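>>> Need the 3D shape of this:
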Amino acid sequence: MTMTAGMLMASSLPAETSTIGRTWPIAEPDALSEIEGRAAQIPDMKAAFGPRERWSAMKAATLGIARADRNRTVIPFYTLDQDIRLQDGKLLYAKGYSFNPLSFVSLPQRLIVVHPAELDWALRTARPSDFILLAAGGPRDADAITLGERHGRALFLLEERVKARLGLRVAPVIVSQAGQKLVLTEVDRSKTDRRAAR
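Take a look at the predicted model:
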């Protein structure tokens, strides 16, 4: 008992520090100051490239408006456009080989694809891990960067290749994985809006 009490008292004593060997002042600049300095050198994007609405990288794919609640499934087969070879040159997979990526990986989140006018619905519907993709909107809609800053959530543009790969035709649509397939749940917002008004 006396030994335990002695150990507890010893552990509460202030520790002494000492320096062994020579020391030098830190010569590297402060990391935060360096980041801020570099950020200040980035050119003004608007001045360099014009308004965002004219940037080709800010053009989202167009989709129609969902007029019915509907579920469809898609198997996102991928076909190789070139041979895949090992380092020694041995052929691993030949050009034209098709496979389903969902046989090997899981999609941990859903994709919620909406027009900018449906963003409030998407924000209410989305889980924190879901990705919200914006299809092309009208000329008066704000761009994805502005909307993301306004709502405090990362928003992504629907690219043409993603639209084609998933076979998307209308929005809003929720894309989720079920086994080795993707389930596309198209939502008729006019019905959900009528139900909410009652």
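>>> quick one, helices of this structure?
2-11, 31-40, 45-49, 119-125, 144-151, 160-166, 189-197 (DSSP state H).
>>> How about residue 165: what's its closest non-neighbour residue?
Leaving aside its sequence neighbours, residue 165 sits nearest to residue 76 (Cβ to Cβ, 6 or more residues apart in numbering; 6.1 Å). To be clear about C-beta, it is placed using only N, CA and C from the backbone, and glycine gets the same treatment.
>>> Can you get me a residue count around that neighbour?
The tally of other residues near residue 76 (other Cβ atoms under 10 Å) stands at 16.
>>> which residues touch it?
Under the criterion of Cβ atoms under 8 Å, 6 or more residues apart in numbering, the neighbours of residue 76 are 100-102, 165-166, 182.
>>> Check the spacing between it and residue 99 real quick.
Going from residue 76 to residue 99 by Cβ to Cβ, to the nearest Å gives 10 Å.
>>> What separation is there between the spatially most central residue of the chain and residue 36?
In the chain, the residue lying closest to the centroid (Cα atoms, centre = their mean) is residue 131, at 5.4 Å. Per Cβ to Cβ, residue 131 is found 30 Å from residue 36.
>>> List phi and psi for the residue nearest to residue 165.
phi -80, psi 60 (degrees, to the nearest 10).
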